[in-house]
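Asks: just the structure for this:
(4 chains)
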There are 4 protein chains.
Amino acid sequence: MNMTMVEPMLRTHPRADLQHSKDYANALNALALCEQVCTSCADACLGENGDVASLRRCIRTDLDCADVCAATARLIGRQTETPNELIHAQLHACVLACQLCADECETHASMHDHCRLCAETCRFCQERCNFLLGVISSSGVGEEAINPTDSPSLSR
Amino acid sequence: MNMTMVEPMLRTHPRADLQHSKDYANALNALALCEQVCTSCADACLGENGDVASLRRCIRTDLDCADVCAATARLIGRQTETPNELIHAQLHACVLACQLCADECETHASMHDHCRLCAETCRFCQERCNFLLGVISSSGVGEEAINPTDSPSLSR
Amino acid sequence: MNMTMVEPMLRTHPRADLQHSKDYANALNALALCEQVCTSCADACLGENGDVASLRRCIRTDLDCADVCAATARLIGRQTETPNELIHAQLHACVLACQLCADECETHASMHDHCRLCAETCRFCQERCNFLLGVISSSGVGEEAINPTDSPSLSR
Amino acid sequence: MNMTMVEPMLRTHPRADLQHSKDYANALNALALCEQVCTSCADACLGENGDVASLRRCIRTDLDCADVCAATARLIGRQTETPNELIHAQLHACVLACQLCADECETHASMHDHCRLCAETCRFCQERCNFLLGVISSSGVGEEAINPTDSPSLSR
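Replies: Below is the predicted model:
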């Protein structure tokens, strides 16, 4: 029994958005993994024998990313009376959290394997969430919301 | 001992943003209250003897709002290496979650006291978070981020 | 990239408990899945066209189980200065939350596929967490804590 | 508008446990404060200019305590079909989390004001949750559960 069960689960919902179940499941699996890996990376950084101070920003971005992924997974795991505008805004914050954490972890990747794995996981989650954002926009709901692909904060 | 302790707590931080401690504390207190009240409102709606189905959207927006407030409080309770761009995006999602939940709860306020109290709490939290958003923008950090007061999603 | 990455991640920790990495990873994967499936089951119950009131207890146990699994995963994903006594108590609460939710969902399994899948997931998570509890006890740490296998609440 | 609103909110619930609303509200207020203060204390420890390594265990117990308080508040904020046995086990874990965090923070209280405030907050939350545990036992529900006041883990 593993996370491949999430898509079948979403499909049993009486109001399932069947057209996008795969995209939602892909994002949910990435979010669950990312929350877990960020939590562990923060703790591994804290446990390093060397200079914990140099990992300050890494611990901070890990903790933030875990919290944002957790909330985002809660929202997109629901399909009853979905408020797409909010889903959009929360996914936007999540894409940003993953990007910031991946960027920071990459700078420590050569030193710490947990940072390397965490950077990869965050990048993967960023892509999955960004893809879902595009799908939600193009499906005609929430199109009045901010398009994050145009946002200066993501175009760096 | 109560939530008035949050501001003194923030001020003991070695990297405290003393200029805005009061604004952060005001938002944190509102977020903690809003998460709690939304959790209780969802559960009270579920426990209503009458037509639970008519409260579907209310339960959904309550649960979403509680989760978004929880993540937002975690982020703004931290002051080490603060990623203002992310704080901005998460506060933006939170303002929206509070607004949607307040709007929905207001439609049930005359029938259910828990919805009336929840609508007031969400509106209060929306205002506090929106104020903090403005303060963060005007302090010169994260100004490149989307200005939520110009967002069509909030100007309705 | 999927949850099989959790065990390698745990093994990169500078203070990894290598002897039990597999057991921790098994529990973490089950917890992440269980939180997700319970969140979706609660929402699917809420979206049922029929009698939502008959699913009240199911929604309640789903929401509780998701919250308890989330906190439990956070704790056991950390390996720095691990407080085994607390891990033990939290795993005990989690085993109970999974058991209650599985028991309730099973009563709706013939009617609703989401309840059937959720019952299976909760039972799986209950077993994984219960196994980890045994491992932690028998490894000599936290043995002064309550042994949940003797608890009347779990021997029913 | 502040946390004093929690008790009136609980009383508007269609299935309110009016006899214990004050005890539940007292615990909820303490839990919300404790989650917030522990989150900030972990971050303040991380931001200290001196030896972050000496605060490792403090950061760990802060993060754990915040997560356990969050889950506990979610559970006891609900009053529909309450599973008292689970409430009992979760409160037991929470009392322990608060105790461990208070004990650790006290050892740094003379050096760091955030640890002093956090120790006081955790102790306060530990007492409120322990009191609620007693009330739930003595009200005749969940009495078959483990009595935490007899637990060796709490009698130190």
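Asks: what about the helices in chain A?
Replies: Taking DSSP state H to define them, one finds helices in chain A at A:6-11, A:21-47, A:56-76, A:84-106, A:113-138.
Asks: mean confidence for the first one?
Replies: The pLDDT scores in helix A:6-11 average 95.
Asks: how about the contacts made by A:H13?
Replies: By C-beta atoms under 8 Å, 6 or more residues apart in numbering or on different chains, the contact list for A:H13 reads A:79-80, C:40, C:43-44, C:47, C:114. For every residue, glycine as well, the C-beta is placed using N, CA and C.
Asks: how about A:A53?
Replies: D:V52.
Asks: returning to that earlier point: what's the farthest-apart pair in the contacts of A:H13?
Replies: A:T80 and C:H114 (11.7 Å; C-beta to C-beta).
Asks: if we can go back for a sec, nearest to B:S110, out of the helices of chain A?
Replies: Distance to B:S110, taken as C-beta to C-beta, is lowest for helix A:84-106 among the helices of chain A, at 24.9 Å.
Asks: tell me the helices and strands packed up against that closest one.
Replies: Where contact means 3 or more C-beta pairs under 8 Å, 6 or more residues apart in numbering or on different chains; DSSP states H and E, helix A:84-106 is packed against helix A:21-47, helix A:56-76, helix A:113-138, helix B:56-76, helix B:84-106.
Asks: with adjacent residues omitted, what lies nearest to the residue of chain A found nearest chain D?
Replies: Relative to chain D, the nearest point of chain A is A:V52 (4.3 Å; C-beta to the nearest C-beta). Nearest residue to A:V52, sequence neighbours excluded (C-beta to C-beta, 6 or more residues apart in numbering or on different chains): D:V52, at 4.3 Å.
Asks: quick one on the thing from earlier: ok, and which of the contacts of A:H13 reach chain B?
Replies: A:80, C:43, C:47 (C-beta under 8 Å from any C-beta of the partner chain).
Asks: quick revisit: list the contacts of the residue nearest to A:V52.
Replies: Listed by C-beta under 8 Å, 6+ apart, the contact set of D:V52 reads A:52-53, A:56, D:45-46.
Asks: how about the residues of chain A by chain B?
Replies: Counting by C-beta under 8 Å from any C-beta, the residues of chain A close to chain B are A:56-57, A:60-61, A:63-64, A:67-68, A:70-71, A:74-75, A:78, A:80-83, A:85-86, A:89-90, A:92-93, A:96-97, A:100, A:144-146, A:151-153.
Asks: go again with 7 Å.
Replies: Counting by C-beta under 7 Å from any C-beta of the partner chain, the residues of chain A close to chain B are A:56-57, A:60-61, A:64, A:67-68, A:70-71, A:74-75, A:78, A:80-81, A:83, A:85-86, A:89-90, A:92-93, A:96-97, A:100, A:144-146, A:151-153.
Asks: tell me the buried residues within those.
Replies: Buried subset of the residues of chain A next to chain B (neighbour count, 16 or more other C-beta atoms under 10 Å in any protein chain shown): A:56-57, A:60-61, A:64, A:67-68, A:70-71, A:74-75, A:78, A:80-81, A:83, A:85-86, A:89-90, A:92-93, A:96-97, A:100, A:145-146, A:151, A:153.
Asks: can you list the low-confidence ranges for chain A?
Replies: Scanning chain A with the threshold set as pLDDT under 70 gives A:138-156.
Asks: repeat that for 80
Replies: The model of chain A has pLDDT under 80 over residues A:137-156.
Asks: do you know which of the helices of chain A lies nearest C:A32?
Replies: Smallest distance to C:A32 across these (C-beta to C-beta): 4.2 Å, for helix A:21-47.
Asks: tell me what the closest one is packed against?
Replies: Secondary-structure packing of helix A:21-47 (3 or more C-beta pairs under 7 Å, 6 or more residues apart in numbering or on different chains; DSSP states H and E): helix A:6-11, helix A:56-76, helix A:84-106, helix A:113-138, helix C:6-11, helix C:21-47, helix D:56-76.
Asks: how far does stretch A:121-133 sit from its chain's centre?
Replies: Distance of stretch A:121-133 from the chain centroid (C-alpha atoms, centre = their mean, to the nearest Å) equals 6 Å.
Asks: check what contacts that stretch and list those residues.
Replies: A:23-24, A:26-27, A:30-31, A:33-34, A:37, A:65, A:69, A:88, A:91-92, A:94-95, A:98-99, A:101-102, A:105, A:148, C:1, C:5 (C-beta atoms under 7 Å, 6 or more residues apart in numbering or on different chains).
Asks: thought A:V37 was touching A:C115?
Replies: No - look at A:V37 against A:C115 with C-beta atoms under 7 Å: they stay out of range, at 10.4 Å.
Asks: so for these two, which residue has more residues nearby?
Replies: Higher neighbour count among A:V37 and A:C115: A:V37, with 33 against 24, using other C-beta atoms under 10 Å in any protein chain shown.
Asks: how far away is the more buried one from chain B?
Replies: In this view, A:V37 and chain B are 17 Å apart by C-beta to the nearest C-beta, to the nearest Å.
Asks: ok, back up a step: go through the contacts of D:V52 and name the one nearest chain C.
Replies: Lowest distance from chain C to the contacts of D:V52 (C-beta to the nearest C-beta) belongs to A:V52, with 10.3 Å.
Asks: state the distance from the closest one to B:H13.
Replies: 17 Å (C-beta to C-beta, to the nearest Å).
Asks: over to A:Q99?
Replies: Going from A:Q99 to B:H13 by C-beta to C-beta gives 26 Å.
Asks: repeat that for A:R74.
Replies: A:R74 is 28 Å from B:H13, where distance means C-beta to C-beta.
Asks: tell me the contacts of A:L117?
Replies: With contacts defined as C-beta under 7 Å, 6+ apart, the neighbours of A:L117 are A:37, C:5, C:8-9, C:12.
Asks: for these, which single residue is the most surrounded?
Replies: Neighbour counts for those, by other C-beta under 10 Å, peak at A:V37, which reaches 33 neighbours.
Asks: correct me, but A:C58 touches A:R116?
Replies: No - judged on C-beta under 7 Å, A:C58 makes no contact with A:R116 at a distance of 11.8 Å.
Asks: who has more neighbours out of those two?
Replies: Neighbour comparison, A:C58 and A:R116: the larger count goes to A:C58, with 26 against 17 (by other C-beta under 10 Å).
Asks: contact partners for that one?
Replies: So A:C58 contacts A:45, A:104-105, A:108, A:115 (C-beta under 7 Å, 6+ apart).
Asks: can you do 8 Å?
Replies: Contacts of A:C58 by C-beta under 8 Å, 6+ apart are A:41-42, A:45, A:104-105, A:107-108, A:115.
Asks: minimum distance to D:D17: which of the helices of chain A has it?
Replies: Taking C-beta to C-beta, helix A:56-76 is the member of the helices of chain A nearest to D:D17, at 26.7 Å.
Asks: CA-only coordinates of the closest one in CSV, if you can.
Replies: Only the C-alpha atoms of helix A:56-76 are listed here, as CSV (Å, rounded to 0.1, in the frame of the first residue of the first chain):
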residue,chain,number,x,y,z
ARG,A,56,20.4,28.7,9.6
ARG,A,57,18.7,29.8,6.4
CYS,A,58,18.4,26.2,5.2
ILE,A,59,16.6,25.2,8.4
ARG,A,60,14.3,28.2,8.1
THR,A,61,13.4,27.5,4.5
ASP,A,62,12.9,23.7,5.2
LEU,A,63,10.5,24.5,8.1
ASP,A,64,8.5,27.0,6.1
CYS,A,65,8.4,24.7,3.1
ALA,A,66,7.1,21.8,5.2
ASP,A,67,4.3,23.9,6.7
VAL,A,68,3.2,25.4,3.3
CYS,A,69,3.2,21.9,1.7
ALA,A,70,1.1,20.6,4.5
ALA,A,71,-1.6,23.2,4.1
THR,A,72,-1.5,23.0,0.3
ALA,A,73,-2.0,19.2,0.4
ARG,A,74,-5.0,19.6,2.7
LEU,A,75,-6.7,22.0,0.3
ILE,A,76,-6.1,20.2,-2.9
